[in-house]
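S.K.: fold the following, please.
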Amino acid sequence: MKFEIRENWGRPTGKGMARERATYSLLMEQGYSTREAARIVGINLRTGKR
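M.R.: Numbers count the residues shown, from 1 in each chain. Now for the predicted structure:
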């Protein structure tokens, strides 16, 4: 599965946030570290640790 690093670093809303959460969860299940998954999805590391 191919993931792209988000170019727009603005705040996601609605569907964008749900998509980010789903992608982040999938990456974590695949064995990515918190730091790697947060970078790929384009969220702050602190947000990923919540």
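
S.K.: buried ones in the longest helix along the chain?
M.R.: Using DSSP state H, we find that the single longest helix of the chain is helix 15-29. Using 16 or more other Cβ atoms under 10 Å as the burial criterion, the residues of helix 15-29 that qualify are 20, 23, 24, 27. Placement of C-beta: from N, CA and C, glycine included.

S.K.: what does stretch 41-50 give?
M.R.: Neighbour count says stretch 41-50 has 41, 42, 43, 48 buried, by 16+ other Cβ under 10 Å.

S.K.: what sits against the third one?
M.R.: Just to be clear, that refers to residue 43. 20, 24 (Cβ atoms under 8 Å, 6 or more residues apart in numbering).

S.K.: model confidence over stretch 28-47, on average?
M.R.: The average pLDDT for stretch 28-47 rounds to 88.

S.K.: what's the end-to-end length of it?
M.R.: 14 Å (Cα to Cα, to the nearest Å).

S.K.: residue contacts, residue 35?
M.R.: Counting by Cβ under 8 Å, 6+ apart, residue 35 has contacts 45, 48.

S.K.: quick one: which helix or strand includes it?
M.R.: Secondary structure assignment for residue 35, by DSSP states H and E: helix 34-41.

S.K.: what angle do that helix and helix 15-29 make?
M.R.: 140 degrees (axes from the mean of the first three to the mean of the last three Cα atoms, to 10 degrees).

S.K.: the following helix or strand past helix 34-41 - contacts with which helices or strands?
M.R.: Going down the chain from helix 34-41, the next helix or strand is helix 45-49, by DSSP H and E. If you count contacts as 3 or more Cβ pairs under 8 Å, 6 or more residues apart in numbering; DSSP states H and E, helix 45-49 packs onto helix 34-41.
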